[in-house]
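1. pasting the structure only:
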């Protein structure tokens, strides 16, 4: 009786899958991921179902993840663009009203969304000074009421 861990039965090396079979496996893993199956359970099911190694199961998961990201990329880009426009409108309206706090919050969120500055930099004293000077210049150019 051996105390060593059981070995996974693996497909003999050198036998490559057809592209159709690989596509089938990645599609199956994609469905598992969409259904919320855990990573460890996907690996277990792949190794049992396809008699593959753990690294091969992980490769199927990477393929499935690439597929999922590609499917949702246009939707994510569209949502990010809508959010960017919303924050720009909020920023403009706040600057027109002289609401520096709201303008700073909108600017901070824009920066986070675009990844141009860290959030801490967006609320830094230099950003506050820049917004304050911008606000003063806007007020100088406004017609008297």
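-> Looks like it came in fine. Given the structure is predicted, the values throughout are model-derived calculations rather than measurements. Numbering: from 1, shown residues only.

2. contacts, neighbours, all on C-alpha from now
-> OK.

3. okay, and for the protein, where does confidence drop off?
-> Applying pLDDT under 70 to the chain picks out residues 1-14, 76, 114-145.

4. select the longest helix from it.
-> Longest helix in the chain, counting residues (DSSP state H): helix 54-97.

5. can you name the element that comes right after that one?
-> Later in the chain than helix 54-97, the nearest helix or strand by DSSP states H and E is helix 100-114.

6. tell me the buried residues in that following helix?
-> Residues of helix 100-114 classed as buried under the neighbour-count rule (16 or more other C-alpha atoms under 10 Å) are 100, 102, 103, 104, 105, 106, 107, 108, 109, 110, 111, 113.

7. ok, those vs residue 73, which is closest?
-> Proximity of the buried residues of helix 100-114 to residue 73 (C-alpha to C-alpha) peaks at residue 113, which lies at 15.1 Å.

8. out of the buried residues of helix 100-114, who's nearest residue 85?
-> Distances from residue 85 to these, taken by C-alpha to C-alpha, are shortest for residue 110, at 9.1 Å.

9. quick one: that closest one and residue 90, what's the gap?
-> Counting by C-alpha to C-alpha, to the nearest Å, the separation of residue 110 from residue 90 is 10 Å.

10. for residue 113, what are its contacts?
-> Counting by C-alpha atoms under 8 Å, 6 or more residues apart in numbering, residue 113 makes contact with 80, 84.

11. from residue 107, how far out is it?
-> Look at residue 113 and residue 107: by C-alpha to C-alpha, they are 10 Å apart.

12. okay, buried residues for stretch 44-54 please.
-> Counting neighbours by 16+ other C-alpha under 10 Å, one finds that the buried residues in stretch 44-54 are 44, 45, 46, 47, 51, 52, 53, 54.

13. out of the residues you listed, what pair is the most spread apart?
-> The distance between the two most remote of those (C-alpha to C-alpha) is 11.2 Å, for 45 and 53.

14. quick one on the thing from earlier: just checking, what packs against the longest helix of the chain?
-> Secondary-structure packing of helix 54-97 (3 or more C-alpha pairs under 8 Å, 6 or more residues apart in numbering; DSSP states H and E): helix 19-34, helix 39-50, helix 100-114.

15. same thing but at 10 Å, please
-> Counting contacts by 3 or more C-alpha pairs under 10 Å, 6 or more residues apart in numbering; DSSP states H and E, helix 54-97 packs against helix 19-34, helix 39-50, helix 100-114, helix 125-141.
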